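> Build me a structure from this.
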Amino acid sequence: MLILAACPCFSEAQQKRKMVASGVNAEKIITEDRLQRNIEFLTDPQYNGRRTGTLGATEAAFWIARKFQKDSLLPINGLWSQSFKAGEAVGHNIIGFMPGRSDRDFQLYTIIAAHYDSYGMMNGTLYPGADSNASGVVAMTSLADMFTRMKQLNRTYGDNLIFVALDAREVNSAGAEALWKALSAGELKNPLTGEDILPDKIHAFVSLDILGSTLSPLKKGRKDYLIMLSNGRFAADLREANAKDGLGLDISLNYYGSESFTRMFHDKVGDQRIFVENGVPCAVFTSGITMNTNKPSDTAKTLNYDIFKKRIFLIFHWLTKMM
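Numbering: from 1, shown residues only. Presented below is the predicted three-dimensional model:
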């Protein structure tokens with residue numbers, strides 16, 4: 001909602017200046033139907049599972065770039081795509097930039113990333129990759145939509161936001177490696193200031209990976225849950241965001257109580273690994289591996305879109321507090 005501190009003595013211009021944009025405005029643009037249509041689009045058989053280097057992956061990349069452009073994000077170095085070698089194929093990271101507040105002397109950047117590739121077609125069998133990781137991509141593009149809506153209402157945040165659709169997660173995270181190398185080499189420039197976006201300016205790397213299912217709950221019978229693995233960082237912000245009316249998800253800061261799996265899924269497995277190894281604070285959001293993960297049965301109809309929407313809302317409100 002828009003909260004207006006109204007007073008009969010205020011002029012119309014003064015009243016407009018008193019408007020404070022609430023995150024509810026951003027929530028209103030995300031619906032279960034919209035989320036499902038986007039997942040169904042990415043998992044349509046015409047894209048053949050979005051395997052790196054295939055036509056289907058290229059079409060998915062174009063779709064993401066169009067969404068970034070629609071949200072008025074800015075390309076990095078004048079291009080939406082960063083190409084790189086991924087085994088025998090060529091991969092493409094899609095990157096969009098949203099400026100934060102300009103009154104900070106030292107610019108910080110939060111990267112919000114999700115990989116869009118999956119296993120594709122193997123031996124004539126389609127691996128749609130709905131939960132892994134069309135769900136992460138749709139969550140990421142939905143967050144871009146939400147922050148765009150807040151920007152339209154003149155609400156800005158401390159960090160610059162970099163939205164990245166990573167390719168080649170299934171090729172040893174070659175896309176994440178390429179992104180890190182470009183950052184380390186000073187090859188990515190802030191499109192407004194021209195300054196190098198360097199690793200020491202990254203406030204956080206946020207990985208969205210497997211977010212749509214409710215098949216692996218933290219507690220039996222409770223579907224509204226979310227896991228954040230962050231090595232202890234950002235926990236207070238998550239709890240505060242989760243206290244918002246309408247949320248109250250069952251949240252966990254470890255992977256089903258296992259210290260070794262928590263360490264593995266935060267430090268060793270996933271696109272965030274290269275950032276963790278180089279000391280960048282990372283947060284991984286997931287709803288956990290299920291019986292469908294990386295199987296032909298990972299289809300759009302297996303996801304819970306009501307809970308998926310709530311998870312996106314929680315991540316959005318967490319980001320607004322964390323930055």
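> can you count the residues close to the closest residue to residue 248 other than its chain neighbours?
Of all residues not flanking residue 248 in the chain, residue 242 sits nearest, at 6.3 Å (Cβ to Cβ, 6 or more residues apart in numbering). (Glycine included, C-beta is placed from N, CA and C.) For residue 242, the count of nearby residues is 17 (other Cβ atoms under 10 Å).
> Kindly list the main-chain dihedrals of residue 242?
Per-residue torsions, residue 242: phi -70, psi -20 (degrees, to the nearest 10).
> before we move on, what about residue 74?
According to degrees, to the nearest 10, residue 74 has phi -110, psi 140.
> That one is in contact with residue 95, isn't it?
No - counting by Cβ atoms under 8 Å, residue 74 stays clear of residue 95, with 9.5 Å between them.
> who's more crowded, the two?
residue 95 (27 against 18).
> Could you name the helices and strands sitting against the strand or helix carrying that one?
Element membership of residue 95 [criterion: DSSP states H and E] is strand 89-98. In terms of contacts (3 or more Cβ pairs under 8 Å, 6 or more residues apart in numbering; DSSP states H and E), strand 89-98 is packed against helix 55-70, strand 81-86, helix 135-152, strand 160-166, helix 174-184.
> and residue 287, which of the ones you listed is closest to it?
Across the helices and strands packed on strand 89-98, the minimum distance to residue 287, taken as Cβ to Cβ, is reached by helix 135-152, at 8.1 Å.
> re earlier: and residue 27, which of the helices and strands packed on strand 89-98 is closest to it?
Short answer: helix 135-152, nearest of the helices and strands packed on strand 89-98 by Cβ to Cβ, at 7.4 Å.
> which secondary structure elements does that closest one contact?
Using 3+ Cβ pairs under 8 Å, 6+ apart as the test, helix 135-152 ends up in contact with helix 24-27, helix 32-42, helix 55-70, strand 89-98, strand 109-115, strand 160-166, strand 202-208, helix 305-322.
> Same list, the ones you listed, but as a markdown table with distance to residue 265 please.
Below are the helices and strands packed on helix 135-152 laid out as a markdown table (distance: least, Cβ to Cβ, whole Å):
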| stretch | distance to residue 265 |
| --- | --- |
| helix 24-27 | 28 |
| helix 32-42 | 23 |
| helix 55-70 | 24 |
| strand 89-98 | 22 |
| strand 109-115 | 14 |
| strand 160-166 | 17 |
| strand 202-208 | 10 |
| helix 305-322 | 17 |
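> Show me what counts as buried in the strand holding residue 95.
Within strand 89-98, the residues scored as buried using 16 or more other Cβ atoms under 10 Å are 89, 91-98.
> Can you lay out those as a markdown table showing pLDDT?
A markdown table is the format used below for the buried residues of strand 89-98 (pLDDT from 0 to 100):
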| residue | pLDDT |
| --- | --- |
| 89 | 97 |
| 91 | 98 |
| 92 | 98 |
| 93 | 98 |
| 94 | 98 |
| 95 | 98 |
| 96 | 98 |
| 97 | 98 |
| 98 | 98 |
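> follow-up on the earlier one: would you point to the one among the helices and strands packed on strand 89-98 that's packed deepest?
strand 160-166 (a mean of 26; mean count of other Cβ atoms under 10 Å).
> Report the angle between it and helix 135-152.
150 degrees (axes from the mean of the first three to the mean of the last three Cα atoms, to 10 degrees).
> Strand 160-166 - what's its average pLDDT?
The average pLDDT within strand 160-166 is 98.
> Now do it: everything it contacts.
For strand 160-166, the surrounding residues in contact (Cβ atoms under 8 Å, 6 or more residues apart in numbering) are 61, 64, 68, 73, 76, 93-100, 107-117, 137, 140-141, 143-144, 147, 173, 175-176, 179, 190, 197, 271.
> Now do that strand against helix 174-184: the angle between them, please.
Using the same axes, to 10 degrees: strand 160-166 against helix 174-184 is 150 degrees.
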